[in-house]
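**Student:** Have a look; sequence and predicted model below, questions after that.
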Amino acid sequence: MKETLDTLSIGNLQLLQAENGYRYSLDPILLARFVKIKKGTRVVDLGTGAGILPLLLARLSDAAEFIGVELQTELAARAERNVELNFLQGRVRIMREDIRNIRDIFPVNCVDLVVSNPPYRQPDSGRIASNDERAIARHELSGGLTDFVAAASWLLKNGGHFAVIYLAERLPELMNGMVIAGIEPKRLRMIHPRQGEAAKMVLLEGRKDGRPGLLVEKPLYIYKDSVEVRDYTEEVLRMYEDSPG
């Protein structure tokens, strides 16, 4: 599969991506800026793709270790090459594993933070991409929402956090699944294309064995008001700046 080499301004990251396969979107950048990571934290990214999220978080935080778990062989191999390309072998590790087998891979209660940009669509929802990488990344063909939440619950220490970006239309399902798995939703931010338009995505953080109580943060708007030009808002542009905040 042909690849491109792209540069992301955050940390001057170099990223190999499939030319016609799965390519990262704005989602991992929004999630990376949403999470709060303390020094020494151990982080697992479920469904890491080409590794962009752990690489971003490694640039933006002082966390001790990042582990990206990816099922697809070619994507996992590309993620490993991206780690090496950015000289982050000492902090970022890629595992080619199925998150549905998480109990056979990791001991219980072993990490402080789990992040994920999981597949959004059910297999019978929407058009499925002909390319396997994109199909599995976007549709629940190899693990659904319940599997990702269950994996996060297994991995997290008591008091640990799970942060995810997901479809707004499936927010009730996401929150209910987290509560059932023992992860209490604690912080929510709705993502709107523009002011005056309905939210399309959400950022949600939960705490393992946390007490009830949800903070709803101010809305995040992706584009300026003009519908003719897709210009990012100042807040989104700042997310691309090479700074931790």
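**Tutor:** That came through, no problem.
**Student:** which stretches of this protein have low pLDDT?
**Tutor:** Residue ranges of the chain with pLDDT under 70: 121-143, 243-245.
**Student:** in it, which spans are helices?
**Tutor:** For the chain, the helices defined by DSSP state H cover 27-34, 52-60, 73-85, 102-105, 132-138, 145-155, 171-180, 234-239.
**Student:** For G213, which residues are in contact?
**Tutor:** Going by Cβ atoms under 8 Å, 6 or more residues apart in numbering, G213 touches 184, 186. In this view, the C-beta of every residue, glycine as well, is placed from N, C-alpha and C.
**Student:** Longest strand of the protein, counting residues only.
**Tutor:** Longest strand in the chain, counting residues (DSSP state E): strand 156-167.
**Student:** neighbouring contacts of that strand?
**Tutor:** Strand 156-167 has contacts (Cβ under 8 Å, 6+ apart) with 27-28, 30-31, 34-35, 109-118, 120-121, 145, 148-149, 152-153, 174, 178, 183, 186, 191, 200-210.
**Student:** any idea how far K39 is from the closest residue to L145 other than its chain neighbours?
**Tutor:** Nearest residue to L145 in three dimensions, chain neighbours excluded: G177, at 6.0 Å (Cβ to Cβ, 6 or more residues apart in numbering). Going from G177 to K39 by Cβ to Cβ, to the nearest Å gives 30 Å.
**Student:** So for the two, which sits in the more crowded spot?
**Tutor:** Higher neighbour count among G177 and K39: G177, with 20 against 8, using other Cβ atoms under 10 Å.
**Student:** so how far is G177 from G40?
**Tutor:** From G40 over to G177 the distance is 29 Å, taken as Cβ to Cβ.
**Student:** likewise Y240?
**Tutor:** For Y240, the distance to G177 (Cβ to Cβ) stands at 31 Å.
**Student:** Rebuild the helices of the chain as a markdown table, extending it with distance to T7.
**Tutor:** A markdown table is the format used below for the helices of the chain (distance: least, Cβ to Cβ, whole Å):
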| stretch | distance to T7 |
| --- | --- |
| helix 27-34 | 14 |
| helix 52-60 | 12 |
| helix 73-85 | 11 |
| helix 102-105 | 32 |
| helix 132-138 | 21 |
| helix 145-155 | 30 |
| helix 171-180 | 33 |
| helix 234-239 | 16 |
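**Student:** so which of these comes closest to L13?
**Tutor:** L13 lies closest, by Cβ to Cβ, to one member of the helices of the chain: helix 52-60, at 5.6 Å.
**Student:** and the closest one, what does it pack onto?
**Tutor:** Judged by 3 or more Cβ pairs under 8 Å, 6 or more residues apart in numbering; DSSP states H and E, helix 52-60 is in contact with strand 13-18, helix 27-34, strand 42-46, strand 65-70, helix 73-85, strand 92-96.
**Student:** same thing but at 7 Å, please
**Tutor:** strand 13-18, helix 27-34, strand 42-46, strand 65-70, strand 92-96 (3 or more Cβ pairs under 7 Å, 6 or more residues apart in numbering; DSSP states H and E).
**Student:** Pull out the buried positions in it.
**Tutor:** 52-60 (16 or more other Cβ atoms under 10 Å).
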